[in-house]
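A.B. asks: Here's a sequence, model it:
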Amino acid sequence: MSLHEDLVRLAHRVPKFRGLIVPTLRSAGKWNSLPKGWTEESVKKFWDSTVGDVKHPVTKCIKKMEDKMDDPGAFCSSLKDKVDGPGWRHEPRKARLAARWLRRVASQDRYVEILETVGKAFRKSFGFTFELDLSEVPDVYHISIWDPSDEPAYAPTLSIMLEPDFGYMIGAGRHSTSYRRPPNYRKLIQQAMAEAKRAGMI
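C.D. replies: So this is what the prediction gives:
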């Protein structure tokens, strides 16, 4: 069924739209070439009076039109395209991608903060230096901690590598320990201190 036929049926079934629709029925075409007598403003007025201010206007339009025409989905989608442009069709995907990106940034900030807290704890307690290395590999975080007063060539280094999906590893000298659960501040500091002590760093 054409848009023209849909408008005819709508004019018959919904009296309040009749005055807006009837004058243009004989020349009604697709929304991308407005029917004679229609303007951008009248199309928007028709859309607003149909759906109002709701979160899912196309869904509401379809529900209102489903018993008034054969293809309310095409009618409402094309009308939404005319009013707001076709970009709305990709908004849910964009929103999901944006939310995923925000979650990743938030989690990255959290893990960097955890490692920095460990480094600062060693600096405060022992005067050690630390350096963060955010790998180019996604979601891999690494920190090196060492005593700057030792000879660089021989200074033992405490290393913590964090991969949130797999766990984390703490190593110093030839020994290292792997953990599968996500770390928290206190536990990680205790484990790092124990590893540094085992390696003779403290």
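A.B. asks: could you point out which element follows the helix or strand encompassing residue 42?
C.D. replies: Under the criterion of DSSP states H and E, residue 42 resides in helix 40-51. Counting by DSSP H and E, the element after helix 40-51 in chain order, helix or strand, is helix 57-65.
A.B. asks: Give me the helices and strands touching that next one, please.
C.D. replies: For helix 57-65, the elements it packs on are helix 40-51, helix 72-84, judged by 3 or more Cβ pairs under 8 Å, 6 or more residues apart in numbering; DSSP states H and E. For the C-beta atoms, the positions are set from N, CA and C on the backbone; glycine is no exception.
A.B. asks: Can you flag the weakest of those helices by average pLDDT?
C.D. replies: When the helices and strands packed on helix 57-65 are ranked by mean pLDDT, helix 72-84 comes last with a mean of 81.
A.B. asks: by how many degrees do that one and helix 40-51 diverge?
C.D. replies: 130 degrees (axes from the mean of the first three to the mean of the last three Cα atoms, to 10 degrees).
A.B. asks: List the buried residues in helix 72-84.
C.D. replies: Across helix 72-84, burial judged by 16 or more other Cβ atoms under 10 Å covers 72, 75, 76, 77, 78, 79, 80, 81, 82, 83.
A.B. asks: give me every residue that touches the nearest residue to residue 47 once chain neighbours are set aside.
C.D. replies: Sequence neighbours aside, residue 83 is the residue nearest to residue 47 in space, at 4.8 Å (criterion: Cβ to Cβ, 6 or more residues apart in numbering). Counting by Cβ atoms under 8 Å, 6 or more residues apart in numbering, residue 83 makes contact with 43, 44, 47.
A.B. asks: Dump the residues you listed to a markdown table, plus neighbour count and distance to residue 61.
C.D. replies: A markdown table is the format used below for these (neighbours: other Cβ atoms under 10 Å; distance: Cβ to Cβ, whole Å):
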| residue | neighbour count | distance to residue 61 |
| --- | --- | --- |
| 43 | 17 | 13 |
| 44 | 14 | 13 |
| 47 | 18 | 8 |
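A.B. asks: What is the nearest of those residues to residue 199?
C.D. replies: Of all those, residue 47 has the smallest distance to residue 199: 69.8 Å, by Cβ to Cβ.
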